[in-house]
Structure formats: structure tokens, C-alpha cells
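Q: Give me the fold of what follows.
(2 chains)
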Amino acid sequence: MREECDAMPKKVIQKFEVKFLEILGENGTCDENIKPQISSKVLLEMYKWMFLGRVFDNKMFSLQRQGKLGTFAQTKGHEAVQIGAAFALKKEDWLVPYFREQLITLIRDVPMENILMYYTGDERGQQYQKGWNVLPVCIPVATQLLHAVGMAWAFKLKKKKNVVLAFCGDGATSEGDFHEALNFASVFKVPVVFLCQNNQYAISVPLKKQTASETLAQKAIAYGMSSLKIDGNDIFAVYKGVKEAVELARKGKGPSFLECLTYRVTDHTTSDDASRYRPIKEVKIWEARDPILRLRKYLEKKKLWNKKKEGILYQDVQKKVNTAVKKAENVSAPSFEDMFRYTYKEMTAELKEELDYLKKVKNDEK
Amino acid sequence: MAKLSIVEAINLALRQEMKRDKSVLVLGEDVGVDGGVFRATEGLLKLFGKERVIDTPLSESGIIGTSIGLAIAGMKPVAEIQFDGFIYPGFDQLISHAARMRTRSRGAYSCPLVVRAPYAGGIKALEHHSESMEALYRHIPGLKVVIPSTPSDAKGLLISAIRDPDPVLFLEPKRLYRALREEVPEKEYLIPLGRSKIVQEGSDVTVVSYGASMHETKKALAELNEKFSIELIDVRTISPLDDETIITSVKKTGRCVIVHEGPRSCGLAAEIIARINEKALLSLKAPVVRVTGFDTVMPLAKLEWEYIPTVSRIKKAIFEVTAF
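A: Take a look at the predicted model:
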């Protein structure tokens, strides 16, 4: 906060407050009066998706360590944010991810084998079908937020009811595109919801070095939009917060920003070593706040879940994941022609010449 | 047929495309109420309303980045960047996203958008208002780069750019905006992207240029046409580059001069020379000569005509290759 330089009286012309939403406590208890209306059936579905996400993430990690998968960013610990958000969307809504959203991408119909293909270095993994309504993985930080705003803008101009949910991380809030996106979204009042997975680290840089703001949520207030900080390991709070924001957007009431506080319990990516820059003690604290564990405790208290069911689920999920791994492994290698095919809708004469050259070289090598 | 300037021809193209296709919209800084600082979008707001002619915040990455989203979701954004020297905050969006979306999604998504920007010098402008950095964009796979030099080409090329299924950067030679007028057909017509134009046929020497430099090149030729039979080619689209027209001509003349305002090293001339070497080396009767800007920072008003290829430098080059 700015310190007062002198005693000159000044009128307060703007005040703001940041609200924090939490519903499900760490030990799985919650006030049923404020819990969002979610049927037991849907609750169990949510849990199963989170569980699948964790198993799939672990599988990807082990494949990476075996050298069968390239570098990727783990989703572990972000399950409540991604599944809570996914359940708050309608089928026609769009998802604009960055690169840590394997789980929400899965629930939006992208098959596991596509994700595996992509991270083996096969771009065909991102050849998404019509109706999945997901943009491809976006590696540059914060740039995708502007695409989300543009899409939401198009839906508004076409008088459609689709809402766009755009993900970013805490590091993204320092990029220029983050601010340009929030500004455009508010100025043109487009149906977009920005969801920041504040996992407190941008590779090695902790949040306190990333920004001098007390919260990330308050940055959005400056752009004139609704903003909320949410316990990101609490699936009820995420679901509720996203649902409200999405409905506001759908009603034409403009964009919202949601800061979902969570923690990156893993390395930044499989190429990183987080032990170089943060104490394991801190990780342990957050591991105890695991979002899946929290929902499981709640479900057990409600007698909706038990060890036996967990065992059956594990078997089932393992099978699904292994089937996807097999599918991905059995995909034929992409051909070199594929490199040229999608640069333009129609291959230019220049590219045809380059392709012919490569064909000839390959042929001569035979 | 009305005699129009380049800026009027661009305005006409925008009008006609916006009328034809409701998904076409224009966005940028001062493009609405003000009609653009060069008036290229004048009158559009009144005709098409503020939903389709949009004054945006001062935000180049915002303009290009949201245009990408608009295009993916089915609109046809024509974004104006006020001067190409201010495009760089949005350069990332062009190179990392607009040009790659089709490849990244293996054809599932595409970005059929146009970014218009005035380029090149000669108007005594402030710093960052006069550069010719077209070669930077030529290096971006997935992007098309169009540079007209006449009013009628500007109209036909812009209509093609708007209808193109891929992202197009449309660079407009700002010193020519009002410097010349010619008859431009009112009716709709398209000039295909990726085709050069033989402006004048000849047999002694091939002169290749485009955009801003076409004006000085034509002046130089007017002074030499009695001496030499000169073939003049306007490249028009630098990406993709129609080298066939150039190669055919060089095979005929055996001599070639290339003129552009952008910096010399790794400029378009370097690429054209490489292609001549690959495809017509044995037809050459003299080394190809290039007349270009320099590898210096574009100077301010007092020195800009030392930098810009002048009529005298172009003439000298033509004498050089013909006398070899």
C-alpha cells in the first residue's frame, strides 16, 4: 500500500474489496446450507474424473521417465480447479487452456491418446474434432487469453450463448497480454471467464516475487470486471464460483476473473527440479491439502464412498489409461509430407518445391 | 470509372467486402469515428455501425490477439495497425499464433484474418513511422504478405486477402497513399495473391520491385526507356513469392536489378538472387544488382532520402548491369 506523503486531506473516490470463497474444509466437512446443489450421482462423477486425472498424470510421468513421452507439465494438485470448472460449463461453451489442463481437456472429450500423442511430439494429437470446443495447448504464456476474448467477442456479435473459459497461471498475470486481454474483455463486455490457477510458482519464481499485489484477483478489479478469489483445492467453491461467473457471462453481463488458489505439488515440468528452489516442508503442507483427498473425505462422511469402491475404481481407471497408452503407442508415425500440409490451406508453389526436394532426397537415400 | 488514390481504393475494397459479407469487421486504433489516421476506414462506421467498425483500446497485441479469436470463431477481422513500427507488441501473436494455428491443430482451426499496416518512409514522419521491415514477416511460415503499389492492385489484392483462408499481412506504402491516382473499377474484382505482375515488357534487363519503391523505379525507367528495353516486374506478394515470373524474365533478359526499401542484408532481394542462382544462373550475363535501404536504423526526415532507393541509384544500377 502507498504510504501517505503528507498530511493533505484527500477524498476517497474508489474503494475495493476482494472476496474469498471456500466451502469444503480440509477434513471434508462443509456447511450443507452453502454447499452448491450437486446430486450424489454428479458428486461421484466429479470424484471419478479427479481420480482419473491423477492416475493419468502419474502414468504420463512414469512414461516420461521411461523416455516414452517428452516434457510435459503435470496436472497433479489442480484437479479440483479443473473438474470444478468443467462441471460448471455447458457443452457448447469453449475452453481455452494453456499447458497444464490435461484433465479438463479430457472431460471436454479430448481422448487420452491424443494428449499422449501430442507429448510424444505428434501434432496430430491436437487435431481436435468439431464439438469438443477446445483450443489446442498454448505454450507461450498469457497469449491464449486474447484468443479467448476474441472468440467470446465473436459469440456476442453472432448473438450466440456460448461462454469461453480461459485458463492461465499466476506467472501469466505479469505478461502484457494478460492485461490487454482483461482490458478488451471488459471494454467490449464479452462472455469470457478468466480462470487463474494460482499454484504459487512460475517455474522457480514464487508469487511474492511475481507481484507486489496482495491478491491476483484485485488486478481484475482495475479492469472493471467481477473478481473473486477461490480456494482452488475445494471443488465445491470452484464449481460455485465458475458457475456464477459463467452464468453472468451468458446473460450478457460481461467477463469475470477467478483466482483459484492451489499449489504446484510437482516440478514445473518433467524437465524441472523444484528441490533447487523450494523447501520440501512447504510441499508436504500442501500435499496434506490434496483436493482429491478432501472430496473423498466428504464422500466417505456422506457414506457415498468407501475403500472397496476406491479399489474397483482404481482397476477400472488403470484399464482405461492403459488402453489409451496402447492406442497412442500403436499410432503410425507421421509422414514428412505432414510437415508441409497445414502451413496454408492450399500448399503454395514454394512449399511444393521444398516438399518435392525432400521427397527426392528421401528417395535417393533409399 | 473513378480515379482513386491507394487510400481510396482500400476504402472501397473494405466497403464492398463489408457489404458482401456480414462477418467482415474492421478493428483498430482510431478506425471508427476518426476513420483511421490515414482515413482508410473513413465512412465505414456510419455505413456498418459500431459493432463492425470498432475503435479499440491502444493495444496492438490486443488487436491482433483478439482478431485471432474472432477469426477462429468465424468472423473475418480486418485489423488496422496504425504504423508498422508499432506492430511489435502484436508480433508475438502473428508469429506464434495467427501463422501457426492451422499447423498446430492439424487443420482443425484456422485464422483467416487480415492485418493492414502502413509501411516505408518518405513522409517526414517521427521515429518508428518509416521502416520497411517486410523481410521479417516473409520469414514467418503460415503468414502471407502482400504489398501493393497501385490503387487498382490495392483494391483487388485487399479483397483477395480478406477472402483468403489464411492470415495475411497487408503492408501499404504510406508515401504512395495519395501520391498517385488511377482509374479503379467500381465493380468487384480479385487479384490472386502470390502472382507478380509484368508492368512493362522488355528484353535487355529485368527490374524487380514492389510496394513503395515501385514509384521511384517507374520514374527511373521513364528516363531510361528510350535507351534500354526494360522488363518491370511488381512482385505484389512477397509471401508466397512468385519466382516463376521473375525467372522466366531473367532467362529472357540475362540481367536483373532488384529494388526495395528494406535493409539490404537478408532482404527480399537476397532471396530473389538466391532463386535466380538456383534456377537461371547460366542465363545471367551480369551479376544481379540490388538497390536497397541500408543496414542502418531508418533515419529521420533530413536523411530519409539518403536511405530510400532514389531514381538516381536505380538508374545507376541499370547502367551497371547493362554495361557489364
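Q: how about the helices of the stretch 51-200 of chain A, start to end?
A: Counting by DSSP state H, counting those that start in this stretch, one finds helices in the stretch 51-200 of chain A at the ranges A:79-87, A:102-107, A:112-119, A:143-157, A:176-187.
Q: and A:Asp231, which of these is closest to it?
A: Taking Cβ to Cβ as the criterion, A:Asp231 comes closest to helix A:79-87 out of the helices of the stretch 51-200 of chain A, the separation being 8.4 Å. C-beta: built from backbone N, CA, C; applies to glycine.
Q: what's near enough to touch the residue lying closest to A:Glu45 once chain neighbours are set aside?
A: Excluding its sequence neighbours, the residue lying closest to A:Glu45 (Cβ to Cβ, 6 or more residues apart in numbering or on different chains) is A:Phe87, at 8.0 Å. With contacts defined as Cβ atoms under 8 Å, 6 or more residues apart in numbering or on different chains, the neighbours of A:Phe87 are A:Ile38, A:Val42, A:Glu45, A:Met46, A:Tyr239.
Q: show me what contacts residue 267?
A: All of this is about chain A. Neighbours of A:Asp267 in contact, by Cβ under 8 Å, 6+ apart: A:Gln74, A:Asp273, A:Ala274.
Q: switch to chain B, that's the one I care about
A: B:Gly267 neighbours (Cβ under 8 Å, 6+ apart): B:Ala135, B:His260, B:Arg290, B:Thr292, B:Gly293.
Q: what does B:Gly32 give?
A: Residues near B:Gly32 by Cβ under 8 Å, 6+ apart: B:Thr41, B:Leu44, B:Leu45, B:Lys50, B:Val53, B:Ile54, B:Asp55.
Q: Quickly note the distance from it to B:Glu216.
A: 34 Å (Cβ to Cβ, to the nearest Å).
Q: Need the residue closest to the centroid of the chain.
A: All of this is about chain A. A:Glu101 (3.8 Å; Cα atoms, centre = their mean).
Q: oops, I was thinking of chain B
A: With the centre of chain B defined as its mean C-alpha position, the nearest residue by Cα atoms, centre = their mean is B:Ile147, 1.3 Å away.
Q: For the residue of the stretch 201-324 of chain B found nearest chain A, the count of nearby residues, please.
A: For the stretch 201-324 of chain B, the residue positioned closest to chain A under Cβ to the nearest Cβ is B:Pro240, at a distance of 3.9 Å. As a burial measure, the neighbour count of B:Pro240 was computed by other Cβ atoms under 10 Å in any protein chain shown and equals 18.
Q: Over to the one 3 residues further on?
A: Here the neighbour count serves as a burial measure; for B:Asp243 (other Cβ under 10 Å) it reads 22.
Q: Do you know the pLDDT at the closest residue to it other than its chain neighbours?
A: Using Cβ to Cβ, 6+ apart and skipping residues adjacent in sequence, the residue nearest B:Asp243 is B:Arg275, 4.6 Å away. Among the per-residue scores, B:Arg275 holds a pLDDT of 98.
Q: returning to what we had before: show me which of the contacts of A:Phe87 are buried.
A: Among these, those classed as buried by 16 or more other Cβ atoms under 10 Å in any protein chain shown are A:Ile38, A:Met46, A:Tyr239.
Q: Not counting sequence-adjacent ones, nearest residue to the last one?
A: What that stands for is A:Tyr239. Leaving out its chain neighbours, A:Tyr239 is closest to A:Gly84 (Cβ to Cβ, 6+ apart), at 4.1 Å.
Q: Pull the contacting residues for the one you found.
A: For A:Gly84, the contacting residues are A:Met46, A:Ile235, A:Phe236, A:Ala237, A:Val238, A:Tyr239, A:Val242, by Cβ under 8 Å, 6+ apart.
Q: wait, which of the residues you listed is closest to A:Ala185?
A: Distance ranking of these against A:Ala185, using Cβ to Cβ, places A:Val242 first at 15.9 Å.
Q: how many neighbours does that closest one have?
A: Under the neighbour criterion other Cβ under 10 Å, A:Val242 is assigned a count of 26.
Q: In which helix or strand does it reside?
A: Using DSSP states H and E, A:Val242 sits in helix A:235-250.
Q: got the contact list for the nearest residue to B:Ile10 once chain neighbours are set aside?
A: Counting by Cβ to Cβ, 6+ apart, the nearest residue to B:Ile10 once its immediate chain neighbours are dropped is B:Ala40, at 4.9 Å. Shown in contact with B:Ala40 (Cβ under 8 Å, 6+ apart): B:Val7, B:Ile10, B:Asn11, B:Leu14, B:Val31, B:Glu80, B:Arg116, B:Glu172.
Q: Next, format those residues as a markdown table and append neighbour count and pLDDT.
A: Formatted as a markdown table, the entries for the contacts of B:Ala40 read as follows, by neighbours: other Cβ atoms under 10 Å in any protein chain shown; pLDDT from 0 to 100:
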| residue | neighbour count | pLDDT |
| --- | --- | --- |
| B:Val7 | 22 | 98 |
| B:Ile10 | 28 | 98 |
| B:Asn11 | 24 | 98 |
| B:Leu14 | 29 | 98 |
| B:Val31 | 27 | 98 |
| B:Glu80 | 26 | 98 |
| B:Arg116 | 25 | 98 |
| B:Glu172 | 26 | 98 |
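Q: Which of those residues sits closest to B:His129?
A: When these are ranked by distance to B:His129 (Cβ to Cβ), B:Glu172 comes first, at 13.1 Å.
Q: Am I right that the closest one is in a helix?
A: No - counting by DSSP: H, G, I helix; E, B strand; the rest coil, B:Glu172 falls outside a helix, being strand.
Q: That one reaches B:Ile6, doesn't it?
A: Yes - the pair B:Glu172 and B:Ile6 passes the contact test of Cβ atoms under 8 Å, sitting 6.7 Å apart.
Q: Spit out the contact partners of the residue in the stretch 101-250 of chain A positioned nearest to chain B.
A: Among the residues of the stretch 101-250 of chain A, A:Gly150 lies nearest to chain B; the distance is 2.0 Å by Cβ to the nearest Cβ. A:Gly150 sits next to B:Gly65, B:Thr66, B:Ser67, B:Ile68, B:Gly69, B:Leu70, B:Ala71, B:Ile72, B:Ala73, B:Pro77 when contact means Cβ under 8 Å, 6+ apart.
Q: switch the cut-off to 7 Å
A: By Cβ atoms under 7 Å, 6 or more residues apart in numbering or on different chains, the residues touching A:Gly150 are B:Gly65, B:Thr66, B:Ser67, B:Ile68, B:Gly69, B:Leu70, B:Ala73.
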